[in-house]
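*Asks:* With the sequence up front, the predicted model follows.
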Amino acid sequence: LYLPQIDKRHESKDSIFFRDGIRRIDFVLSYVDDLNKEWEKNNCSHKSCNKPQFSLMSDLTFPGQESEDGKIYFVKIHAPWEVLITYAEVLNIKVPIKENDIPSTVENPLDCMLAPLRLPEKVMHPEPDYFTAPFSKDKQELYLINDESTFFSPSMRNRIVNYILTRCPYGTEEGKKKFGIKRLLNNGTYSAAYPLHDCQYWKKANDPNCDNERYTLYMEWARFLRFYKEQPLDLIRKYYGEKIGIYFAWLGFYTEMLFLAAVVGLICFLYGLFTMDENMSSKEICDPAIGGEIIMCPLCDRECEYWRLNTTCQSSEYSHLFDNVATLFFAIFMGIWVTLFLEFWKRRQARLKYEWDLVDFEEEQQQLQLRPEYEAKCTQKKKNPVTQEMEPYLPITSQAVRFCISGTTVLFWVSLIIASMIAVIVYRLAVYAAFASLMENTQTFQPIRGLLTPQLATSVTASCLNFVIIMILNFLYERIAIWITDMEIPRTHMEYENRLTMKMFLFQFVNYYSSCFYVAFFKGKFVGYPGAYTYMFNRWRNEECDPAGCLIELTTQLTIVMAGKQIWGNIQEAIVPWICNWWGRRKARNNPENLYSRWEQDHDLQTFGALGLFYEYLEMVIQFGFITLFVASFPLAPLLALMNNILEIRVDSWKLTTQYRRPVAAKAHSIGVWQEILNGMAILSVVTNAFIVAFTSDMIPRLVYYYAYSENEDSPMSGYINNSLSVFQISDFPERNKPKQNPEGLDICRLVYRDYRYPPDHERKYLHTMQFWHILAAKLAFIIIMEHVVFIVKFFVAWMIPDVPADVKAKIKREKYLTQKILHEYELEKLKERL
């Protein structure tokens, strides 16, 4: 490459243009002088060896310049007009042919009320709306080309240059072509490749030709004080490209829909709060004449003592906050809400596809074309039946071997998660006995014993331990997932993203939700009874639920994992990049600002990376699972998610605008495979919430008692606690379970958890009563009824709401008609000229 000596005194250091003020810097490559010497030492046999020569040097302008420290060299790339129009045709880029004359949608009568939430019109719509058509070099006079230097936006220009660089050959090795900037970045030849931000984010550029879009985005979008404002989606799309724009559109829409779910969830929580004093179960547990007289069987073998039921008074009162009749309503509501969210998002997405010229966008060529890595690693070729051209392919035997290795690796890591979950369960069982013994025999814990029960103490500590394990496994598996996806050598970019998405989601699904599934559906279900307890590994006695039920423990588990993940995620996203950038700019702070060039400033920022959006989607989809799969146990989950997402939008926008290099623009017409994942989770959520209400909450046993077993017409729920706790004869304890002490000389004790067994003096001693089978039948019937009702309503709502709004359909047809008409008239004019 030719690196001319540039007079630094006559060049603006904070400009995105070359010295002539006309040619725009579309892309920057950087390399370190020390790395260059090492490369020459290892790969060159003569002194004239230099950096790899790209074969398109005749097409692109490559001036070079060194940094102030003299170690980092920058190659600044400009794409001339001929290059831009050539590749605009290759990439099928749509460009304006006529200003859109279709009348805008009728104004909303609520617009005056929403005015405080609006942004200025020039920020929301930075450029006019046009009819567009795919670019063709032969029809340049058809397009609205007022100025060649500004006809293609900076995001289009950097996308074109990146397309060229990823496929540009630079040499051969053992008869194989070497090409693509990614390979040069991986082997250290170049240290970075990036497009430039157009200005500093905190002030406008001095250059009058600069649009200062980064500054506008920061002032109007990326500051937390603007959290109540709408997002400038058109400006985001113009500056960062459609792929990033569609993510923020989805995140904003998801947050808006969460507002409704959060309000309803808060109302359900307040209902539980205001009706706490009316809860007959907690009244009986707290009553000294009832709960104070009920002696409970020991919580562990040998060491634990007998205890009185009213010691769990406070935990039983708090469990009513989440275990009440509003829980059922909220579970059904969320099943319908998730359908409304997905259906209305399809409509919003369809409107964006029209507004952003993505209607005819099946999958952009850049996505469907072969990955450079695929072309480089696949040496065999065969004829494509569609294009009739020879292209590389991976033999079926090689694919099978790679898939087997990949599948085995994924299965191993999923098994590792299950093993870690079992380890946490063992911890719960071992520590549970210790907590039970400690709290019963230590006077220090007496003041808080009513609030901090052994079950709750075990649940909190186990949840914290589980969260730490989740974070560690996530850190390790992310790298493994990328490695095995690279090993599979996916054919296209879309295949690569889809395969990585499914691997990561499967892992994170098991990693984050396994502990919640355990508490919701397994804990306390396989306990046995005194004298016939069930043991894990024949050593640890299985956990029992609190007398008030397991729902409060599921709520605790969900809150710790969900809130912990969100807090840790925001720390990672905001604080870590800021610290890295602060440390990277420490040398630059010693130099005058006018010597700190635009390309150096951007070089010192963090790299967003090709998988940057992938992690953002993954974070939000995991959160979506928390607020749908287990929402029946925690109505405040949507409120927590709403508060997090209000912060998330501003954190994501702030880090993208201020802490990261400008990403290469890319197109996308939807959120991709994430849509199918969300649909699957929406269906699964109906099933999980039905099972939570039936088997984890205490609602069905209470209803069965209310309608079938109550003997008090004036107070139907009185006597419920006494009815639900089975009696056990202390003399029937085997030596393994029998407590060491019985100072009060007790004869009987009650089972800690809800169970319905015949008393010791019955002929069917300790076997399940008919009430147990009635309750089980009621639970199964409830699940079937609830699932069918919610599914019927879901499918009816989905059928009633069309995916594409009627006005958008009409506009699409109108635009296609007018575009065809304009093209037809153009062809007629050309024909007349030729004749």
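*Replies:* That came through, no problem.

*Asks:* what's the helix or strand for L196?
*Replies:* Under DSSP states H and E, no helix or strand contains L196.

*Asks:* Quick check: closest non-adjacent residue to it.
*Replies:* Spatially, and ignoring its direct neighbours in sequence, L196 is nearest to I16 (5.1 Å; C-beta to C-beta, 6 or more residues apart in numbering). Any C-beta I mention is one placed from the backbone N, CA and C, and that applies to glycine too.

*Asks:* For C210, see how far away that neighbour is.
*Replies:* 6 Å (C-beta to C-beta, to the nearest Å).

*Asks:* any residues in contact with both of these two?
*Replies:* Here I16 and C210 share the contacting residues D198, C199, scored by C-beta atoms under 8 Å, 6 or more residues apart in numbering.

*Asks:* more neighbours, those two?
*Replies:* Neighbours around I16 and C210, counted as other C-beta atoms under 10 Å, are more numerous at I16. The numbers are 24 against 19.

*Asks:* Next one: that one relative to A520, how far apart?
*Replies:* The gap separating I16 from A520 is 55 Å, by C-beta to C-beta.

*Asks:* what's the answer for E616, then?
*Replies:* The value you get for E616 to A520, if C-beta to C-beta is used, is 28 Å.

*Asks:* now V410
*Replies:* V410 is 25 Å from A520, where distance means C-beta to C-beta.

*Asks:* what about the two, which has more around it?
*Replies:* Remark: of V410 and A520, A520 carries more neighbours, 26 against 18, as counted by other C-beta under 10 Å.

*Asks:* Whichever strand or helix holds that one: which residues count as buried?
*Replies:* Remark: A520 resides in helix 493-521, with elements defined by DSSP H and E. Using 16 or more other C-beta atoms under 10 Å as the test for burial, helix 493-521 gives 493-505, 507-521.

*Asks:* in the stretch 501-650 of the chain, which spans are strands?
*Replies:* 535-536, 540-541 (DSSP state E, counting those that start in this stretch).

*Asks:* same question, the stretch 701-835 of the chain
*Replies:* 727-729, 748-750.

*Asks:* Which of those strands sits closest to L639?
*Replies:* L639 lies closest to strand 748-750 among the strands of the stretch 701-835 of the chain, at 37.2 Å (C-beta to C-beta).

*Asks:* Now the closest one: buried residues?
*Replies:* In strand 748-750, counting by 16+ other C-beta under 10 Å, buried: C749, R750.

*Asks:* give me the low-pLDDT residue ranges for the stretch 301-450 of the chain?
*Replies:* Counting by pLDDT under 70, the ranges of the stretch 301-450 of the chain that qualify are 362-369, 386-388, 433, 436-437, 439-450.

*Asks:* how about the strands of it, start to end?
*Replies:* 307-308, 381-383, 390-392.

*Asks:* Now do the second one: distance to the chain's middle.
*Replies:* Pointing back at strand 381-383 there. 39 Å (C-alpha atoms, centre = their mean, to the nearest Å).

*Asks:* P128: neighbouring residues, count only.
*Replies:* Per other C-beta under 10 Å, the neighbour tally for P128 reads 9.

*Asks:* ok, now S398?
*Replies:* Based on other C-beta under 10 Å, the number of other residues close to S398 is 14.

*Asks:* Report the contact partners of it.
*Replies:* By C-beta under 8 Å, 6+ apart, the contact list for S398 is empty.

*Asks:* For I246, see how far away it is.
*Replies:* Taking C-beta to C-beta, one finds S398 at 35 Å from I246.

*Asks:* Give me the neighbour count for C304.
*Replies:* Look at C304: counted by other C-beta under 10 Å, it has 22 neighbours.

*Asks:* Give me the pLDDT value at the closest residue in space to it that isn't next to it in sequence.
*Replies:* Leaving aside its sequence neighbours, C304 sits nearest to P298 (C-beta to C-beta, 6+ apart; 3.8 Å). Looking at P298, its pLDDT reads 84.
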